[in-house]
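# Build me a model:
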Amino acid sequence: MRKRIISLLIAACMVLTMVPVTASAQEGTESIVIGQSAGTPEKEELPVGASAPLECVCDTRCTEGAINSQCPVCSAEGVVLEEVCLGEPAPSTRWTYDPQAHTLTSDDHITLYNVTDDGSGNLTINGNREISLSTLDLTGGISDREGNRYVLTAIGYRAFQSSKLTSVVFPDTLTNIGGEAFQSSSLNSVNFPKSLRAIEMNAFGSCGLLTSVTIPSGVSLDSYIFTFCRNLSTVTVEEGVTSIPDGMFSNCGALKPSTGRKTIPSPKSEREPLREPL
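Alright, predicted model coming up:
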């Protein structure tokens with residue numbers, strides 16, 4: 001009898017120790033992998049010889065008409081650019097270029113004519129003497145209807161000669177202003193972008209309403225640029241301008257001989273002076 005009681009007690013203890021293990025196995029609420037800490041997944045390693053996934057390297061968002069050929073993702077065949085390109089959206093297009101008609105048309109329906117492309121996406125605005133606007137903002141993105149992008153780099157020879165423009169906002173891509181580009185126009189002030197590299201002869205000659213101008217550093221200056229600007233009284237010359245060409249301010253009666261940070265010679269020149277346009 002005594003042995004039987006002991007046997008029953010041992011059997012009961014064995015049953016009790018088996019209950020939690022059975023319940024855990026049935027519920028399946030947690031699995032533990034030997035040799036790995038709970039909650040820390042094992043790092044997946046690339047197979048031997050496999051390369052890392054390609055990543056987009058674009059700074060500007062690609063479009064069907066302008067794909068970054070240096071990007072291994074966007075330049076791949078069959079990709080959906082909207083899904084894979086990580087570049088920032090390009091500035092909103094304010095101007096549309098028509099390479100067949102050679103025109104630039106803004107979102108607010110301003111059209112400039114005789115606009116040429118050098119084949120590399122650099123545009124030059126040529127003759128627009130008949131423009132009737134008083135203000136012109138040339139900043140903003142430029143693209144054609146195919147999505148190809150362009151930049152305005154030059155104002156050509158006599159582009160706005162004798163126009164009624166009183167003010168012009170130049171883009172920070174402009175590098176050259178051609179000869180007589182704004183001659184005899186109605187400009188009253190000029191602010192040049194730091195990108196500008198050259199201003200050609202008589203570009204602003206005979207602008208009778210022009211009163212102030214700032215000459216930026218790093219610009220190649222030609223003669224007679226502001227000749228016959230009779231009301232020009234304030235000229236600021238930035239550091240880095242090493243010389244003022246002969247006759248640049250000839251016949252500018254309101255301009256003092258010294259102004260800004262550089263000495264401006266009196267309006268005299270050894271070269272034959274230009275005659276004021278009729």
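
# Surely residue 104 touches residue 117?
No: counting by Cβ atoms under 8 Å, residue 117 is not a contact partner of residue 104; they are 10.7 Å apart. Quick note: C-beta positions are derived from backbone N, CA and C, even for glycine.

# what do the two both touch?
97, 123 (Cβ atoms under 8 Å, 6 or more residues apart in numbering).

# For the two, indicate the residue with more neighbours.
Per other Cβ atoms under 10 Å, whichever of residue 104 and residue 117 has more neighbours is residue 104, with 23 against 15.

# Specify the beta-bridge partners of the more buried one.
residue 97, residue 112 (DSSP bridges).

# quick one, domains of the protein?
54-90, 93-271 (automatic domain parsing).

# Mean neighbour count, these: which tops it?
Among those, domain 93-271 has the highest mean neighbour count (mean count of other Cβ atoms under 10 Å), at a mean of 17.

# With adjacent residues omitted, what lies nearest to residue 164?
Closest residue in space to residue 164, ignoring its immediate chain neighbours: residue 186 at 5.3 Å, by Cβ to Cβ, 6 or more residues apart in numbering.

# Kindly confirm my reading that residue 83 is in a strand.
No: looking at residue 83 with DSSP: H, G, I helix; E, B strand; the rest coil, it is helix, so not inside a strand.

# Against residue 232, how distant is the residue nearest to residue 164?
14 Å (Cβ to Cβ, to the nearest Å).

# low pLDDT regions in this protein?
Applying pLDDT under 70 to the chain flags residues 1-52, 65, 90-93, 257-278.

# all helices for it, in order.
2-27, 81-84 (DSSP state H).

# Check the offset of the shortest one from the chain's centre.
With Cα atoms, centre = their mean, to the nearest Å as the basis, the distance from the averaged C-alpha position of helix 81-84 to the chain average is 22 Å.

# rewinding a little: what sits in contact with each of residue 186 and residue 232?
residue 207.

# circling back: so what's the residue nearest to residue 164 up against?
Residue 186 neighbours (Cβ under 8 Å, 6+ apart): 134, 163-166, 207, 209.
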